[in-house]
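Participant: this is the structure alone, sequence omitted:
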């Protein structure tokens, strides 16, 4: 069975500081991994995804994530936080390779302090 | 273009009543998904429709939950005899395709916040 663990339900960073949101997964098959962002009262928006190939994935809004198989991690980073980055972030893994069914983590709420 | 829309945005109901939640997917998207987002929890997969194929209902939590998709477009999620634990945000998503081996991006609607008193 797939599972996703997001360390820290709430993370606060200062504007301009590094953003690091942690995601670890368990999977019996090579995973497809995703990060979604949810702004207040809005649906989820795909930030980036890893399927195959390069392990460093770049997404929208300056975010990137690195797939580390040995650590079963897919942490999300951004070099410099902006006030507009304040939102909730969800890591997800596909149920099986290529499957439409996603298993989501519980989410990490990011606050950006001016 | 128009994104995924859901209605109502908020629904308050009394325990025991039935509710219907509606999802209008992006035009041309053949795959449609329903998820439930409970407070402090991640998204929980409920049901998936792909074209004319039989839906994957493996995520529905009980037989009080059902969903249909008419004409391959609009979908309705019905919860019968609502319970307080059904209170959550119900999210709908659609994608161009969802068959195994194809991971088309799922586009999410804003959700319906259901409160069962």
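Facilitator: All right, it came through fine. As the structure is a computational prediction, the values presented were derived from the model and not from experiment.
Participant: helix or strand for the residue nearest in space to the middle of chain B, which one?
Facilitator: By Cα atoms, centre = their mean, the mean C-alpha position of chain B lies nearest to residue B:34, the distance being 2.8 Å. Using DSSP states H and E, residue B:34 sits within strand B:31-37.
Participant: that strand vs chain A: in contact?
Facilitator: Yes. Applying Cβ under 8 Å from any Cβ of the partner chain, one finds strand B:31-37 in contact with chain A at B:31, B:33, B:35. From N, CA and C alone the C-beta is placed, and that goes for glycine too.
Participant: which strands and helices lie in contact with the helix or strand just after that strand?
Facilitator: Next in sequence after strand B:31-37, counting helices and strands by DSSP H and E, comes strand B:43-50. For strand B:43-50, the packing partners by 3 or more Cβ pairs under 8 Å, 6 or more residues apart in numbering or on different chains; DSSP states H and E come out as strand A:102-104, strand B:31-37, strand B:65-69, strand B:75-79.
Participant: which residues of the chain score low on pLDDT?
Facilitator: Using chain A. Within chain A, the stretches with pLDDT under 70 are A:28-30, A:95-99.
Participant: that's the other chain; I wanted chain B
Facilitator: B:1, B:97-103.
Participant: which bits of chain B sit near chain A?
Facilitator: Residues of chain B lying near chain A (Cβ under 8 Å from any Cβ): B:3-4, B:31, B:33, B:35, B:40-45, B:48, B:50, B:56, B:59, B:91, B:93, B:95, B:98-103, B:105-111.
Participant: ChimeraX command for the buried members of those?
Facilitator: Entered in ChimeraX, the line below selects the buried ones among those, by 16 or more other Cβ atoms under 10 Å in any protein chain shown:
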select /B:4,31,33,35,42,43,44,45,48,50,56,59,91,93,95,98,103,106,107,108,109,110,111
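Participant: so which residue is dead centre in chain A?
Facilitator: Mean-position check on chain A, Cα atoms, centre = their mean. Result residue A:35 at 3.5 Å.
Participant: ok, now how distant is the residue nearest to that residue when sequence neighbours are not counted from chain B?
Facilitator: Distances taken as Cβ to Cβ, 6 or more residues apart in numbering or on different chains place residue A:47 nearest to residue A:35, at 4.3 Å, with adjacent residues excluded. Using Cβ to the nearest Cβ, to the nearest Å, residue A:47 is found at 11 Å from chain B.
Participant: taking chain A, what residue is nearest to chain B?
Facilitator: residue A:43 (3.2 Å; Cβ to the nearest Cβ).
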